[in-house]
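Asker: Here is the input, now give the coordinates:
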Amino acid sequence: MKKKHVLVIDDDPHILELIQIILEDEGHQVTTLPSGDRAVEVVGQAAPDLILLDIVMRTHHGMEVLAELRKAAPNVPVVLLSGAVSQVADMPAIARALGAEDFVEKPFDAEQLIELVDRLP
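Answerer: Coordinates of the predicted model:
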């Protein structure tokens, strides 16, 4: 399995740390950002293979960041994360319609996250 460079954008420091530990234990390189404010800049510098993006953040909303990322890095897969939209029916389909590759609901299973990262190009 190809090891990837994953950019994780989430305003919860515990989630950032958890994802970083899970993915680094699998051999992936992880860059973290506590907000979407510098997402486009960091994507340009870090050239990640995949972006994990929280939807609900204090500053930039994840949907705004997603729109910016689709313009700046249209070929980098983005997976949306959120625990705040569990009542929304078929969130994976909505995420794909908005330009994301997939959606992961928090709390997530570590194996589910690893499987997702491994299967995306």
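Asker: tell me what the helix or strand bottoming out on mean pLDDT in the chain is packed against?
Answerer: Sorting the helices and strands of the chain by mean pLDDT, DSSP states H and E puts helix 91-97 at the bottom, at a mean of 82. Judged by 3 or more C-beta pairs under 8 Å, 6 or more residues apart in numbering; DSSP states H and E, helix 91-97 is in contact with strand 78-82, strand 102-105. Placement of C-beta: from N, CA and C, glycine included.
Asker: show me the contacts for the closest residue to Val43 other than its chain neighbours.
Answerer: Spatial nearest neighbour of Val43, excluding adjacent residues (C-beta to C-beta, 6 or more residues apart in numbering): Ala73 at 4.9 Å. By C-beta atoms under 8 Å, 6 or more residues apart in numbering, the contact set of Ala73 is 40, 43-44, 51.
Asker: Surely His14 is within a helix?
Answerer: Yes. Under DSSP: H, G, I helix; E, B strand; the rest coil, His14 sits within a helix.
Asker: what are the ranges of the helices in this protein?
Answerer: 13-25, 39-46, 62-72, 91-97, 110-119 (DSSP state H).
Asker: For those, give me a markdown table that also has mean neighbour count and distance to Ile55.
Answerer: Shown next, in a markdown table, are the helices of the chain (neighbours: other C-beta atoms under 10 Å; distance: least, C-beta to C-beta, whole Å):
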| stretch | mean neighbour count | distance to Ile55 |
| --- | --- | --- |
| helix 13-25 | 16 | 12 |
| helix 39-46 | 16 | 13 |
| helix 62-72 | 18 | 4 |
| helix 91-97 | 15 | 9 |
| helix 110-119 | 14 | 16 |
